[in-house]
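# Sequence first, predicted coordinates after that:
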Number of protein chains: 2
Amino acid sequence: MSRLEEKTLHTEKIFTGKVISLQVEDVELPNGNVSKREIIKHPGAVAILALTDDDKIVMVEQYRKALEKTIIEIPAGKLEHGEDPVTCAKRELEEETGYDCKTMEWLISFYTSPGFADEIVHLYIAKGLEKKENAASLDEDEFVNLMEITLEEAEAYLKEQRIYDAKTAYAVQFLQLQKALKK
Amino acid sequence: MSRLEEKTLHTEKIFTGKVISLQVEDVELPNGNVSKREIIKHPGAVAILALTDDDKIVMVEQYRKALEKTIIEIPAGKLEHGEDPVTCAKRELEEETGYDCKTMEWLISFYTSPGFADEIVHLYIAKGLEKKENAASLDEDEFVNLMEITLEEAEAYLKEQRIYDAKTAYAVQFLQLQKALKK
C-alpha cells in the first residue's frame, strides 16, 4: 500500500463565521507535487433518533437555506465549544422537541463531507421520552414543525424526497435493519 | 403547521474555489427578524457501492486533508458541470478502481450537510464488474489504495472508525439490510 498523507505547506484563513470557517491549504502530495485544498471547519454536531413508547419517530420539519427547501429531519444541532456530545444531544432534543429522555445511547459517528469539511455527526438513539414542562426553547433564528411519524411514513417521505439528508436516511435505514433482524 | 421559509435579503459572495464556494446571506426569518446564513455551494457528487461477483465491496483508502486522516470509503467523486450523475458514477468507478460495470442502479440521493451546504450525493450500486484495459486514471492530485473487502470486514472497519463517513456507513448498512431481508 502506498503512502497517502498530504503535508500542509501553508494555510490561508479566508473566513470565520458563526457556524463555519474556511481555509485554503497548500499541500504537498504523496508524489511531491503541490496542490490546494479548500477546507471547511465546523464544530461538529449531534443527531437524535428519538422513539416514542408507541414506536413513532420524532422528526422536525425545517427550512434549510442552503437547499432553499423545507425538509424533514431527525432533531440535530451543533456542538457548543467544549460540549460533551451526549449533553448536546439531550439539550438539542429538549430544545427542538420539548422531550426529555430516559436513555440516550450512542449509535455511530460519521463525517458528513470528508472531501471538504471536518463536520462530524454523532448519532444517538433516545427512548423513554417524556414531555418536559418549561422545556428550553429553540435558538432565536430556528423555526421547526414537530412531527411524530411511523417507520412506514418515514419510508414514504424518503421516496418523496421530503426526508432528504444523510443522517436521517441513515437513521431510517437503521430502523429498517432492526425490524428485519427481529423477524 | 407554521410557515418556515426564509427570504434572501442580500447575498455576499466571499470565496469561489475549485471545489466549493462560500456566500453569506442576510435572510428574513418567518417571524420577520433578520439573521445571517453561511452557505457552501458544491457541484454535487456521486458515490458507488460496487460489488464484485464474489460479493466483495470495492473500497478506496484515501487521505482526507479536511480530517487529517486516512479513511476507507466507497468510490466517489464530484459532478462536472452539467454532467449526468450516472455518467459521472461510471467515470469515477473507472478512474478510482479501473472497473467497468454491467449495471449501475440508483439507490438514493441525500444532502450531506443541510445546515450549511448544498452538497448532494447520488448513491449507485454497480454490479457485473470487469477490469478495463487502459482505464481512465485519477485526477493528478488524487491518490488512493484500492481494496476489496467482505461485509464482515467492512463492519469491523466501521467499529474501528477506519470507515468513518456518512455515505460509506449508509452503503454498509444497506448491505446489512439486504442480508437481513434475505434470511
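Nice, I can see it.
# three-state assignment of the residue nearest to residue A:4 when sequence neighbours are not counted?
Computed as C-beta to C-beta, 6 or more residues apart in numbering or on different chains, the closest residue to residue A:4 that is not its neighbour in sequence is residue B:63, at 4.0 Å. C-beta: built from backbone N, CA, C; applies to glycine. Put simply, residue B:63 is strand when judged by DSSP: H, G, I helix; E, B strand; the rest coil.
# Quick check: closest non-adjacent residue to residue A:157.
Using C-beta to C-beta, 6+ apart, the closest residue to residue A:157 is residue A:163 (4.3 Å).
# So what's the residue count around that neighbour?
Neighbour count of residue A:163, defined by other C-beta atoms under 10 Å in any protein chain shown: 24.
# next one: residue A:23
For residue A:23, using other C-beta under 10 Å, the count is 17.
# So which residue of chain A lies furthest out from the middle?
In chain A, the residue that sits farthest from the middle, by C-alpha atoms, centre = their mean, is residue A:32; the gap is 36.1 Å.
# In three-state terms, how would that one be classified?
Following three-state DSSP, we place residue A:32 in the coil state.
# Quick check: pLDDT value at it.
Looking at residue A:32, its pLDDT is 93.
# Next, the buried residues of the longest helix along chain A.
Ranked by residue count and defined by DSSP state H, the top helix of chain A is helix A:166-182. For helix A:166-182, burial by neighbour count (16 or more other C-beta atoms under 10 Å in any protein chain shown) applies to A:166-177, A:180.
# show me where chain A has helices.
Going by DSSP H, chain A shows helices at A:85-97, A:151-159, A:166-182.
# Let me see the mean pLDDT of the second one.
It stands for helix A:151-159. The model assigns helix A:151-159 a mean pLDDT of 98.
# Let's see it as CSV, backbone CA atoms only.
What follows is helix A:151-159, C-alpha atoms only, in CSV (Å, rounded to 0.1, in the frame of the first residue of the first chain):
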residue,chain,number,x,y,z
LEU,A,151,-41.5,3.9,10.1
GLU,A,152,-43.8,3.4,7.1
GLU,A,153,-44.4,7.2,6.9
ALA,A,154,-40.7,7.8,7.1
GLU,A,155,-40.2,5.3,4.2
ALA,A,156,-42.8,7.2,2.1
TYR,A,157,-41.2,10.6,2.9
LEU,A,158,-37.8,9.2,1.8
LYS,A,159,-39.3,8.2,-1.6
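# So which elements touch it?
strand A:57-64, helix A:166-182 (3 or more C-beta pairs under 8 Å, 6 or more residues apart in numbering or on different chains; DSSP states H and E).
# JSON lines for those, including mean pLDDT?
Output for these, formatted as JSON lines (pLDDT from 0 to 100):
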{"stretch": "strand A:57-64", "mean pLDDT": "97"}
{"stretch": "helix A:166-182", "mean pLDDT": "98"}
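# got a list of what residue A:32 touches?
For residue A:32, no contacting residues are found, by C-beta atoms under 8 Å, 6 or more residues apart in numbering or on different chains.
# quick one: it from chain B, how far?
From residue A:32 over to chain B the distance is 12 Å, taken as C-beta to the nearest C-beta, to the nearest Å.
# And for residue A:157?
For residue A:157 relative to chain B (C-beta to the nearest C-beta), the value is 13 Å.
# Do I have it right that that residue meets residue A:147?
No. Look at residue A:157 against residue A:147 with C-beta atoms under 8 Å: they stay out of range, at 9.3 Å.
# Check the contact between residue A:60 and residue A:143; I expect there is one.
No. With contact defined as C-beta under 8 Å, residue A:60 and residue A:143 do not form a contacting pair (9.8 Å).
# mind showing which ranges of chain A have poor pLDDT?
A:1 (pLDDT under 70).
# domains of it?
A:7-41, A:45-110+A:118-182 (the TED database).
# what about the last one, start to end distance?
With C-alpha to C-alpha, to the nearest Å as the measure, the first residue of domain A:45-110+A:118-182 is 30 Å from its last.
# One more: stretch A:23-32?
End-to-end distance (C-alpha to C-alpha), stretch A:23-32: 22 Å.
# Pull out the buried residues from it.
Buried, per 16+ other C-beta under 10 Å, within stretch A:23-32: A:23, A:24, A:25, A:27, A:29.
# if you look at these, which of them are in strands?
A:23, A:24, A:25, A:27 (DSSP state E).
# my guess is residue A:101 meets residue A:93, correct?
Yes. Assessed by C-beta under 8 Å, residue A:101 is found in contact with residue A:93 at 6.3 Å.
# circling back to that earlier point, please see if the longest helix of chain A touches chain B.
Yes. On the criterion C-beta under 8 Å from any C-beta of the partner chain, helix A:166-182 is in touch with chain B at A:166, A:167, A:169, A:170, A:173, A:174, A:176, A:177, A:180, A:181.
# out of the residues you listed, who's nearest residue A:68?
Nearest to residue A:68 among the residues of helix A:166-182 next to chain B: residue A:166, at 18.3 Å, using C-beta to C-beta.
# any idea what sits nearest the closest one, other than its immediate chain neighbours?
Distance criterion C-beta to C-beta, 6+ apart; nearest residue to residue A:166, sequence neighbours excluded, is residue B:166 at 4.1 Å.
# ok, the one you found - contacts?
Going by C-beta under 8 Å, 6+ apart, the list of residues near residue B:166 reads A:110, A:111, A:112, A:113, A:121, A:166, A:167, A:170, B:112.
# one more time with 10 Å
Contacts of residue B:166 were listed using C-beta atoms under 10 Å, 6 or more residues apart in numbering or on different chains, and they are A:108, A:110-114, A:119-121, A:123, A:165-167, A:169-170, B:47, B:110, B:112-113, B:121.
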